[in-house]
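Visitor: Here is a sequence together with a model predicted from it:
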Amino acid sequence: MAGLYIHIPFCASRCIYCGFYSTTQQSLQQKYVDMLCHEIDLRASELFNLNTDSDNKLHTIYLGGGTPSMLSSEQLNQLLTYIYKVWGSLSDLKELTIECNPDDITEEFAVQLADLKFNRVSMGAQTFSNERLKFLHRRHNREDIFQAVTRLRHAGIQNISIDLMFGFPNETIVDWQRDIREAIDLGVEHISAYSLMYEEGTSLFNMREHQKIKEIDEETSLSMYNILINELTNAGYEQYEISNFARPGFRSLHNSSYWHEIPYIGLGASAHSYLNGIRKWNISNLKKYMDEIVCNKLPQEIEILSKDTQYNDLITTALRTKEGIDLNKMKNKYGEEHYNYLMKEAQPHINAGKMKLSKHRLFITRMGLFTSDDIMSDLIYIAD
């Protein structure tokens, strides 16, 4: 199986924490959709070969951003119709996801999404506190989240995911527990939950650096993460990745491709692709992207990954998942040297109870989840 990612960079306004490439130049939306269709033409053979490979049938399409729900239904239809025109009916497609802002989901738009065959919607709820939503510069309120889910259900969409954040300045354990309970009561099939990150270059980072806000302490953050796992597990959600929880049968197929070395292709400004040890990425500049595409040029950089780099990518992706690393496959692909290195470096973490070996698989235990970045850093291979 394989995945197709389409980056829609438009936002009505910038959230203070966001480090993804985005723009508020909404007047360029139609031109951008036209250029996406042009990029599909330019990469038709690449994607056709991918989709005719029996092992790499296109199973997922994911529209991310940015805010894809800012596109009109006509623009979404144009884009999907062009994909089907160039690559066929995509009869093997299992998951068609669009990221949405809750306040974009009107009754009419929800029906239009269903008509366009979107079978999964991922919403950036972030929190059910209007105060914290205002702090993030989100444009929706808590009531918009409930209305959006209701409208999507009425339209027939039965696979809904929401994003949550924890670790806000001055957020209490009680505040976080309330958010979790509201998410569970919402009845969505999937929840992604992340600690609030202070990425350099964001407004949030600058606020902390200028001491306008104070980052939450590590002990409280750890408590919040443990509460998250306990509450969602008790509610019937499976933690299948460090930050992702799903009801049975509702894992994100597309995002799982990133964690399991499954090929994926990215269209649009800043989008990444990976196939057979080759990584590609389009430039993160809307104007330059469109200027290149209109001249029939692919605005991308290419990196042929060394065995060491592929091994390191495996460490930082597969170990995020519940299944961890298949040691038999890893040894066959990367050889004795990398296998022996991995086992040697992993042993102290196994002894400490932060990693575990079971049925030829190596994975991070619950005890090690909160310090998973440190564990993975220890396992990174650095050539002499």
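Guide: Received the coordinates, thanks. Keep in mind it's a predicted model, so treat the numbers as computed, not measured.
Visitor: How many neighbouring residues does residue 360 have?
Guide: If you count neighbours by other C-beta atoms under 10 Å, residue 360 ends up with 12. Every residue, glycine included, has its C-beta placed from N, CA and C.
Visitor: what about the spatially most central residue of the chain, distance to residue 149?
Guide: The centroid of the chain falls nearest to residue 255 when counting by C-alpha atoms, centre = their mean (5.7 Å). Residue 255 sits at a distance of 20 Å from residue 149 (criterion: C-beta to C-beta, to the nearest Å).
Visitor: swap in residue 295?
Guide: 44 Å.
Visitor: One more: residue 203?
Guide: 29 Å.
Visitor: neighbour count winner among these two?
Guide: For the pair residue 203 and residue 149, the greater number of neighbours falls to residue 149 (22 against 14), based on other C-beta under 10 Å.
Visitor: Where does pLDDT dip in this protein?
Guide: For the chain, the stretches flagged by pLDDT under 70 are 1, 47-56, 89, 384.
Visitor: the domain parsing of it - what is it?
Guide: For the chain, the TED database gives the domain ranges 2-258, 307-383.
Visitor: Tell me which of those sits most buried.
Guide: domain 2-258 (a mean of 18; mean count of other C-beta atoms under 10 Å).
Visitor: Between the two ends of it, how far is it?
Guide: 10 Å (C-alpha to C-alpha, to the nearest Å).
Visitor: List the strands paired with the helix or strand hosting residue 3, with their directions.
Guide: When elements are assigned from DSSP states H and E, residue 3 belongs to strand 2-8. Applying DSSP bridges, strand 2-8 is found paired with strand 58-65 (parallel), strand 264-267 (parallel).
Visitor: how close does residue 257 get to residue 263?
Guide: 7 Å.
Visitor: Quick check: neighbours shared by the two?
Guide: 2-3 (C-beta atoms under 8 Å, 6 or more residues apart in numbering).
Visitor: Tell me the first helix or strand C-terminal of the lengthiest helix in the chain.
Guide: Identified as the longest helix of the chain according to DSSP state H is helix 327-351. Downstream of helix 327-351, the next assigned helix or strand under DSSP H and E is strand 355-358.
Visitor: Other residues contacting that next one?
Guide: 327, 346, 349-350, 362-365, 368, 375.
Visitor: so residue 272 makes contact with residue 266?
Guide: Yes: taking contacts as C-beta atoms under 8 Å, residue 272 lies within contact range of residue 266: 4.7 Å.
Visitor: list the residues that contact both of those two?
Guide: Counting by C-beta under 8 Å, 6+ apart, the residues touching both residue 272 and residue 266 are 5, 280-282.
Visitor: Quick one: classify the residue lying closest to residue 370 once chain neighbours are set aside as helix, strand or coil.
Guide: Nearest residue to residue 370 in three dimensions, chain neighbours excluded: residue 222, at 5.2 Å (C-beta to C-beta, 6 or more residues apart in numbering). Of the three states, residue 222 takes helix under DSSP: H, G, I helix; E, B strand; the rest coil.
Visitor: ranges for the strands of the stretch 1-150 of the chain?
Guide: In the stretch 1-150 of the chain, the strands defined using DSSP state E, counting those that start in this stretch lie at 2-8, 58-65, 95-100, 120-126.
Visitor: Out of the ones you listed, flag the one nearest residue 309.
Guide: Proximity to residue 309 (C-beta to C-beta) singles out strand 2-8 among these, at 20.6 Å.
Visitor: related to what we said a few turns ago, by how many degrees do the strand holding residue 3 and strand 95-100 diverge?
Guide: Counting by axes from the mean of the first three to the mean of the last three C-alpha atoms, to 10 degrees, strand 2-8 lies at 20 degrees to strand 95-100.
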